[in-house]
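In: no letters, just coordinates:
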């Protein structure tokens, strides 16, 4: 078991100080993370609490799972490792997404305009 806990079903008005005060009763808190929404800045209704030992984390689970805080019953359990995310833009993805050395960002590729700098194309036109 890990010493990091997931705390869910939090009231959106719950503060970091309230959680720190509550969970410090079970042991020494190493880290407390209360994530907020990127767009609105409002809390997301859950938190992560990391204790200095697994025994303290286990004690916190037994003590606070189902505990009522701000009118809501807390859900406290061991935090699970986050699954790795697939790369977004910029990472190599072998697929026919339309990107690549011969296609450009807007598809196409193959026939049509030749590839080259503007200066090179102007020079070719002048020589005709």
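Out: Cool, got the structure. Bear in mind that the values here come from a model prediction, so they are computed numbers and not experimental data. Numbers count the residues shown, from 1 in each chain.

In: hmm, who's touching the helix or strand that contains residue 22?
Out: According to DSSP states H and E, residue 22 maps onto helix 16-23. Here helix 16-23 makes contact (C-beta atoms under 8 Å, 6 or more residues apart in numbering) with 7, 10, 29, 32, 34, 47, 49, 51, 60, 64, 67, 69-70. C-beta coordinates here come from the backbone N, C-alpha and C atoms, glycine included.

In: apply 6 Å and report the result again.
Out: By C-beta atoms under 6 Å, 6 or more residues apart in numbering, the surrounding residues in contact with helix 16-23 are 29, 32, 34, 47, 49, 60.

In: which secondary structure state is assigned to the last one?
Out: This points to residue 60. Taking DSSP: H, G, I helix; E, B strand; the rest coil as the rule, one finds residue 60 in the helix state.

In: quick one, what contacts the residue nearest to it when sequence neighbours are not counted?
Out: Excluding the flanking residues, the one nearest residue 60 by C-beta to C-beta, 6 or more residues apart in numbering is residue 26, at 3.7 Å. Residue 26 makes contact with 56, 59, 60, 63, according to C-beta under 6 Å, 6+ apart.

In: got a quick ChimeraX command for the buried subset of these?
Out: What follows is the ChimeraX syntax for the buried subset of these, where burial is set by 16 or more other C-beta atoms under 10 Å:
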select :56,60
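
In: what is the spatially closest residue to residue 65 that is not a sequence neighbour paired to in the beta sheet?
Out: Computed as C-beta to C-beta, 6+ apart, the closest residue to residue 65 that is not its neighbour in sequence is residue 76, at 4.3 Å. For residue 76, the beta-bridge partners are residue 7 (DSSP bridges).

In: so residue 76 sits against residue 9, correct?
Out: No - taking C-beta atoms under 6 Å as the definition, residue 76 is not a contact partner of residue 9, at 9.3 Å.
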